[in-house]
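Undergrad: Fold the stuff below for me.
(chains A, B, C and D)
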Number of protein chains: 4
Amino acid sequence: MGHISETRFRVRYAETDKMGVVYYANYFVWMEVGRTDYCKTVGFNYCDMERDDANMAVADAACRYIAPARYDDEILVRTSIEKLNRRLITFAYSISNAATGQLLAEGRTVHITVRKDGKTCSIPEPYFALLSKPQ
Amino acid sequence: MGHISETRFRVRYAETDKMGVVYYANYFVWMEVGRTDYCKTVGFNYCDMERDDANMAVADAACRYIAPARYDDEILVRTSIEKLNRRLITFAYSISNAATGQLLAEGRTVHITVRKDGKTCSIPEPYFALLSKPQ
Amino acid sequence: MGHISETRFRVRYAETDKMGVVYYANYFVWMEVGRTDYCKTVGFNYCDMERDDANMAVADAACRYIAPARYDDEILVRTSIEKLNRRLITFAYSISNAATGQLLAEGRTVHITVRKDGKTCSIPEPYFALLSKPQ
Amino acid sequence: MGHISETRFRVRYAETDKMGVVYYANYFVWMEVGRTDYCKTVGFNYCDMERDDANMAVADAACRYIAPARYDDEILVRTSIEKLNRRLITFAYSISNAATGQLLAEGRTVHITVRKDGKTCSIPEPYFALLSKPQ
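TA: Purely as a prediction, here's the structure:
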C-alpha cells in the first residue's frame, strides 16, 4: 500500500467563488481526479471496474482546509491508500500548490463496493489484487 | 404551446465565481431546472419519460447574458416551448431577478429524443400529447 | 443554540453522475444552502456579514453518506449550530428525503471568520449575538 | 488571428450525469479552460488582465453537441479567435475526443471587457496587442 499517485492540473475559473478562492466542495472533485489516477498507477481503469459491476460508492468524505487555492494555480494531488480490505477502501489525499509546495488541504474518503442494484459486494479479485500489491 | 412554467430559487454561493457574480455555465443548469418544472406543469415527470427509455439529449444550447446575477438573489426562470415535433423540442427561457423584475439572460435549448443505446427515437406518445396540448 | 433551519429543494439533473445518483461533492453545496437559510432563520443575511468584511471560511468539512439521492427527489436539509465561539462556528446538517423521511447523509462544517485580506478575525458583534441567542 | 491553442484533459466523474455522459453545461467550463490556455499561447495570463481591472465578461455563449463525451475520455479543446476589436472578442472552440479524433461539440463565446465596477471598457493595450498579433 505504499503507492502514491501524483496528479497535476490548473484551477479552473469555474471552481472559484465570490470570495476569490476555490469553493470548498471542489476539493472533493479533485480527490476523485486523484482516485482515478491512483487506479491507473496500480494498473487498471476505474471505468473497467464499474463495467464489471463494482462501484466504489463513497461512505465518508472529509477535508481539512489549510490555505486557499486560486484561479490558474497549478495543483498537485497526492493520493494513497490508507486502509484496504475486501469491503472497504480508504484513500488519503494531500493537495498542494505545485509551484510553491504549500500544503492546501488534506482529505480522506472511505468507499464501499456496490453493484448497480445498490447491493454491497466485495472488490472483484483482479482489482483487489492490484490495489493491494506492494509497491 | 402557450404554457409558461415559472421556477424560483436563490443563487447558491457555489454558483458564483471570483468576479463576484454567477459563473456563466450555471445558467444552463438553471435552464434544466426550468425544463424539469415545465414537464410537471404540462402533466408528467421527466424521470418517467427517461424510465420509458426516452431521453431529451441536448443538441444545441445558447444563452445571451444581459445583467449579472449575484449570491442569494432570487431567480425566476420562465420556460416555454418554442418549437415541437416528434423528433425535436426547442425550449426557450427567460431568466430574471424575481425581486426587481430585471431580465438577466435569455436562453434556448434544442433537444432530440434518444434511447439508452444512443439511437434517436420519437417522443413517446403520452409525453408528446402532453407537451403539445394547448393551454 | 437550539435553532434548526429547514431547507427544501429538488435534486437537479446536473447533480447526478453516471452511477445514477447524486455525486458526493454536491452534498457540500447543499450544506452551504442550509447555512444560508440558517443565517436568515436567526435574523441576518450572510451576504451582509460578508459586506462587513467577515467571511465564514471553511476549515473542515465532513459528510457521512447513508443512502443515495436521486434526480428530482425532494431534499430536506436541517441545519443547526453545534459549537460556537467568537472565532469558530461548527454547523451540523442532516440531509434527508423529504417525501420518505429517509436519512441520506449527515455532515458537519467548521468555519473560521476571515477578512478579505485573509486575516482571521472575530465574528462581528451583531452577527455573533444573533447566532448565539437562545431559541 | 491564426493562433489555435490546444488543451487536453480527462473527463471527470463529477462531469457526468445519470444519462452516463457529460452533462451539457460542463462543455462551457471546458471552453473556459480553453480560453485560459489561449491567452497563455499568445503571451499573457488572464489573471493579469483581471488584475489590470479588465474582465472578459461573457455576453453570449452557444454550443452544438455532436457526440457524447464519457468519463475518463481524453478531451482536446482547440480554441481560436473568430473576431476581435477593442470592445468585443469572439472565441470559437472545437471539442473532440483526443484518442479517436471524433468531433464532440463546437462552441462560441462572445466577451465584452468590463471593469470591477461593471462598466464596459476597451481591452487594455498590451493584451489587445497580444490577442491581435498575427501568428
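
Undergrad: secondary structure class for the residue located most distally from the centre of chain A?
TA: In chain A, counting by Cα atoms, centre = their mean, residue A:18 sits farthest out from the average C-alpha position, at 25.9 Å. When classified by DSSP: H, G, I helix; E, B strand; the rest coil, residue A:18 comes out as coil.

Undergrad: Go ahead and confirm it touches residue B:14.
TA: No - in this structure residue A:18 lies outside contact range of residue B:14 using Cβ atoms under 8 Å: 10.1 Å. Any C-beta I mention is one placed from the backbone N, CA and C, and that applies to glycine too.

Undergrad: count of residues packed around residue A:20?
TA: 16 (other Cβ atoms under 10 Å in any protein chain shown).

Undergrad: so how far is chain B from it?
TA: 5 Å (Cβ to the nearest Cβ, to the nearest Å).

Undergrad: Output the below-cut-off pLDDT ranges for chain A.
TA: For chain A, the stretches flagged by pLDDT under 70 are A:1, A:135.

Undergrad: Near chain C, which residues of it? Just list them.
TA: A:18-19, A:24-26, A:28-29, A:32, A:50, A:55, A:57-65, A:68, A:109, A:118 (Cβ under 8 Å from any Cβ of the partner chain).

Undergrad: at 7 Å instead, please
TA: Within chain A, the residues that sit near chain C (Cβ under 7 Å from any Cβ of the partner chain) are A:19, A:24-25, A:28-29, A:55, A:58-65.

Undergrad: Show me the two of those that sit farthest apart.
TA: Distance extremes for the residues of chain A next to chain C: the farthest pair is A:19 and A:55 at 33.7 Å, using Cβ to Cβ.

Undergrad: I figured residue A:13 was touching residue D:32, is that so?
TA: Yes - contact criterion Cβ atoms under 7 Å: residue A:13 and residue D:32 qualify, at 5.2 Å.

Undergrad: okay, now residue A:78: neighbour count?
TA: Taking other Cβ under 10 Å as the definition, residue A:78 ends up with a neighbour count of 16.

Undergrad: so which helix or strand takes in the closest residue to it other than its chain neighbours?
TA: The shortest distance from residue A:78 to any non-neighbouring residue, by Cβ to Cβ, 6 or more residues apart in numbering or on different chains, is to residue A:94 (4.6 Å). Assessed by DSSP states H and E, residue A:94 sits inside strand A:88-97.

Undergrad: which residues sit in contact with the residue nearest to residue A:78?
TA: A:78, A:103, A:106 (Cβ atoms under 7 Å, 6 or more residues apart in numbering or on different chains).

Undergrad: beta partners for it?
TA: residue A:78, residue A:106 (DSSP bridges).

Undergrad: how close does it sit to residue D:61?
TA: Per Cβ to Cβ, to the nearest Å, residue A:94 is found 36 Å from residue D:61.

Undergrad: Same check on residue A:24?
TA: 26 Å.

Undergrad: report the longest helix in chain A, please.
TA: Longest helix in chain A by number of residues (criterion: DSSP state H): helix A:26-42.

Undergrad: can you list contacts of that helix?
TA: Under Cβ under 7 Å, 6+ apart, the answer for helix A:26-42 is A:3, A:5, A:7, A:9, A:15, A:45-46, A:61, A:63, A:75, A:77, A:79, A:91, A:93, A:95, A:105, A:107, A:109, A:130-131, C:24-25, C:28, D:12-14, D:72.

Undergrad: now residue A:77, nearest residue through space, not along the chain?
TA: residue A:34 (3.9 Å).

Undergrad: Pull the number of nearby residues for the one you found.
TA: 26.

Undergrad: near chain D, which residues of chain A show up?
TA: Of all the residues in chain A, those lying near chain D are A:9, A:12, A:13, A:14, A:29, A:32, A:33, A:36, A:45, A:47, A:71, A:72, going by Cβ under 7 Å from any Cβ.

Undergrad: Going by neighbour count, which of those residues comes out on top?
TA: residue A:32 (25 neighbours).

Undergrad: ok, so what distance separates that one from residue A:118?
TA: For residue A:32, the distance to residue A:118 - Cβ to Cβ - is 20 Å.

Undergrad: ditto for residue A:34
TA: From residue A:34 to residue A:118 the distance is 26 Å (Cβ to Cβ).

Undergrad: repeat for residue A:69
TA: Distance from residue A:69 to residue A:118, by Cβ to Cβ: 35 Å.

Undergrad: Pick out whichever of these two has more residues nearby.
TA: Looking at residue A:69 and residue A:118 with other Cβ under 10 Å, you find the greater number of neighbours at residue A:69, namely 24 against 13.

Undergrad: Excluding chain neighbours, what is closest to that one?
TA: residue A:22 (4.2 Å).

Undergrad: Can you get me a residue count around the one you found?
TA: 25.

Undergrad: Likewise for the one 3 residues further on?
TA: Around residue A:25 there are 25 other residues, counting by other Cβ under 10 Å.

Undergrad: what's the answer for the one 3 residues further on, then?
TA: Residue neighbour count, defined by other Cβ under 10 Å, stands at 24 for residue A:28.

Undergrad: quick one: it from residue A:94, how far?
TA: With Cβ to Cβ as the criterion, residue A:28 and residue A:94 are 14 Å apart.

Undergrad: Perfect, that will be all.
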